[in-house]
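[1] Would you be able to build a 3D model of this:
(one chain, ligands or ions: 1)
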Amino acid sequence: MKIAIIGGGYVGLVSAACFAEFGVAVAVVEADENKRRMLLAGGIPIYEPGLDRLVAENMAAGRLTFPATLQEGIADAEAVFIAVGTPTRRGDGHADLTYVFAAVEQVVKSLDHPAVIVTKSTVPVGTGLDGRIGRKFLHPGPGFGGSCFPKDTLALMRIAEEAGAPSRLIQSVVSVNDRRKGDMAARVVKACGGDVRDKNIAVLGLAFKPETDDMREAPSLPLIEGLISCGANVTAFDPAAMEGAKPLLPANVTFAKDAPQAVTGADVLVLVTEWNEFRALSPVRLKQLMRGDVIVDLRNVFDPKAMRDAGFTYQGIGRANEAYPEAAPD
Ligand SMILES: NC(=O)c1ccc[n+]([C@@H]2O[C@H](COP(=O)([O-])OP(=O)(O)OC[C@H]3O[C@@H](n4cnc5c(N)ncnc54)[C@H](O)[C@@H]3O)[C@@H](O)[C@H]2O)c1
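    Here you go, the predicted structure:
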């Protein structure tokens, strides 16, 4: 296997030497010609214990090279690591991504075969173009629930506390999530102008995720309790979780036989669990069935523009809201 590493600094050079030691052929592309010459001559521009030996041995074995051009470096490489600097940008404290963008551009222009591009450079949230880091796996929502994550984070927190080494990171995860779930009712109340007394609220989805009847730690529970305590009338529907939800919810929650029945006559629709059948609800049909025009979509299932075009006051989650242009994404 051959890989290329763009940037031969603290991260790039050390990674390159270690990969080479594992038997991988590594080409380090370094833009600073003085640094490159020094490396070729057996010098090490940085201090890292044992690095000089690793570099020398792997250069001698032919596994570690410092080619003069990027084209040469990435030729036949199956993976290209970007390890250029991302220093603090002068003046505003943000990361300066100039080197990263320049390096990626050079690589993309010169690649003539399929290769994986790996970002070792530290880039701010929102820059990762890897499809797996982002919308495919990470979705904004009403807080996590379910059978594993809540109990496991809690158990880890307790173990750390009892060992006399409380983990503030895990404590923060747990408390941020608790707060997130607790905030959802207030979010709906706000979307309704500050008062939900005697309003009919249709809640679509009760289970902590779609394709399950599991109600453990489901965000729908504090949401519905909060709405009821504010005087709302709640009608709920879930394709699989209603039996499990009934004993966990206040007795005055009404359960519908399907989504259209749940939204009929509703002032507000709150989507809590992203079951596929809810995605099929058209804005026009919802407009016909509902009495009111407020939609709070806690899973970003609906198309905001289509909902607004149909006359709804639509609010999603975790993205800038046109309804509240001054508000930061939450
Ligand atoms: N992922 C991790 O595990 C990890 C750990 C620590 C640091 N980092 C990040 O790695 C990045 C690199 O850090 P560093 O300490 O090695 O920086 P560094 O400044 O020591 O090295 C960067 C090198 O890249 C070279 N370079 C810049 N543009 C180039 C280009 N277009 N082509 C070829 N070479 C180019 C520079 O000449 C320099 O030698 C930073 O973003 C840092 O935050 C990542």
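
[2] How many residues are close by the nearest residue to Val14 once chain neighbours are set aside?
    Leaving aside its chain neighbours, Val14 sits nearest to Glu48 (5.6 Å; criterion: Cβ to Cβ, 6 or more residues apart in numbering). In this view, the C-beta of every residue, glycine as well, is placed from N, C-alpha and C. Using other Cβ atoms under 10 Å, Glu48 has 13 neighbouring residues.

[3] where does Glu48 land in three-state SS?
    coil (DSSP: H, G, I helix; E, B strand; the rest coil).

[4] for it, what are its contacts?
    For Glu48, the contacting residues are 10, 13-14, by Cβ atoms under 8 Å, 6 or more residues apart in numbering.

[5] Now do the phi/psi pair for Asp112.
    phi -120, psi 20 (degrees, to the nearest 10).

[6] re the thing from before, keep only the contacts of Glu48 that also lie close to the ligand.
    Tyr10 (Cβ under 6 Å from any ligand atom).

[7] Restricted to helices, list the contacts of Glu48.
    Residues of those located in helices (DSSP state H): 10, 13-14.

[8] one step back: any idea how far the residue nearest to Val14 is from Cys18?
    10 Å (Cβ to Cβ, to the nearest Å).

[9] can you check Asp303 too?
    Going from Asp303 to Cys18 by Cβ to Cβ gives 47 Å.

[10] And Ile201, by the same measure?
    Distance from Ile201 to Cys18, by Cβ to Cβ: 57 Å.

[11] Compare neighbour counts for the two and give me the winner.
    Ile201 (27 against 14).

[12] Can you tell me the strand partners of the helix or strand containing that one and which way each runs?
    Using DSSP states H and E, Ile201 sits within strand 200-204. Here strand 200-204 is paired, per DSSP bridges, with strand 233-237 (parallel), strand 268-271 (parallel).

[13] what's the most buried one of the ones you listed?
    strand 268-271 (a mean of 27; mean count of other Cβ atoms under 10 Å).

[14] Next secondary structure after it?
    Strand 268-271 is succeeded, C-terminally, by helix 276-279 (DSSP H and E).

[15] I'd like the distance from that next one to the chain centre, please.
    22 Å (Cα atoms, centre = their mean, to the nearest Å).

[16] counting contacts, what elements does that helix pack onto?
    When contacts are defined as 3 or more Cβ pairs under 8 Å, 6 or more residues apart in numbering; DSSP states H and E, helix 276-279 packs onto no helix or strand at all.

[17] Which parts of this structure are helices?
    Using DSSP H, helices in the chain cover 10-21, 33-40, 51-60, 70-74, 98-110, 149-162, 168-191, 220-229, 242-245, 259-263, 276-279, 283-289, 304-309.

[18] got the buried residues for the last one?
    Under the neighbour-count criterion of 16 or more other Cβ atoms under 10 Å, helix 304-309 has 304, 307 buried.

[19] Repeat that for the second one.
    Under the neighbour-count criterion of 16+ other Cβ under 10 Å, helix 33-40 has 35-36, 38-39 buried.

[20] Quick check: Val24 vs the ligand, distance?
    17 Å (Cβ to the nearest ligand atom, to the nearest Å).

[21] what about the residue nearest to that residue when sequence neighbours are not counted, how many neighbours?
    Leaving aside its sequence neighbours, Val24 sits nearest to Met1 (Cβ to Cβ, 6+ apart; 5.2 Å). Neighbourhood size, Met1 [other Cβ under 10 Å]: 12.

[22] who touches the closest residue to the ligand within the chain in this structure?
    In the chain, the residue that lies nearest the ligand is Gly9 (1.8 Å; Cβ to the nearest ligand atom). For Gly9, the contact set (Cβ under 8 Å, 6+ apart) comprises 46, 83-85.

[23] and with 7 Å instead?
    Neighbour list for Gly9: 83, 85 [criterion: Cβ atoms under 7 Å, 6 or more residues apart in numbering].

[24] re the thing from before, so which of the ones in helices among the contacts of Glu48 is the most crowded?
    Ranking these using other Cβ under 10 Å puts Leu13 first, with 26 neighbours.

[25] What separation is there between that one and Ile295?
    54 Å.

[26] Kindly report the same for Pro87.
    44 Å.

[27] The two - which one has more neighbours?
    Taking other Cβ under 10 Å, Pro87 and Ile295 do not tie; Ile295 has more neighbours (26 against 10).

[28] Measure how the strand holding Ile201 sits relative to helix 168-191, angle-wise.
    Counting by axes from the mean of the first three to the mean of the last three Cα atoms, to 10 degrees, strand 200-204 points 140 degrees away from the direction of helix 168-191.

[29] Mean confidence (pLDDT) on strand 200-204, please.
    In this model, strand 200-204 carries a mean pLDDT of 98.

[30] how close does the residue lying closest to Thr69 once chain neighbours are set aside get to Ile82?
    Nearest residue to Thr69, sequence neighbours excluded (Cβ to Cβ, 6+ apart): Val29, at 7.8 Å. Distance, Val29 to Ile82, using Cβ to Cβ: 10 Å.

[31] which of those two has more neighbours?
    Using other Cβ under 10 Å, the more surrounded residue of Val29 and Ile82 is Val29, with 29 against 23.

[32] In terms of pLDDT, where does that one sit?
    98.
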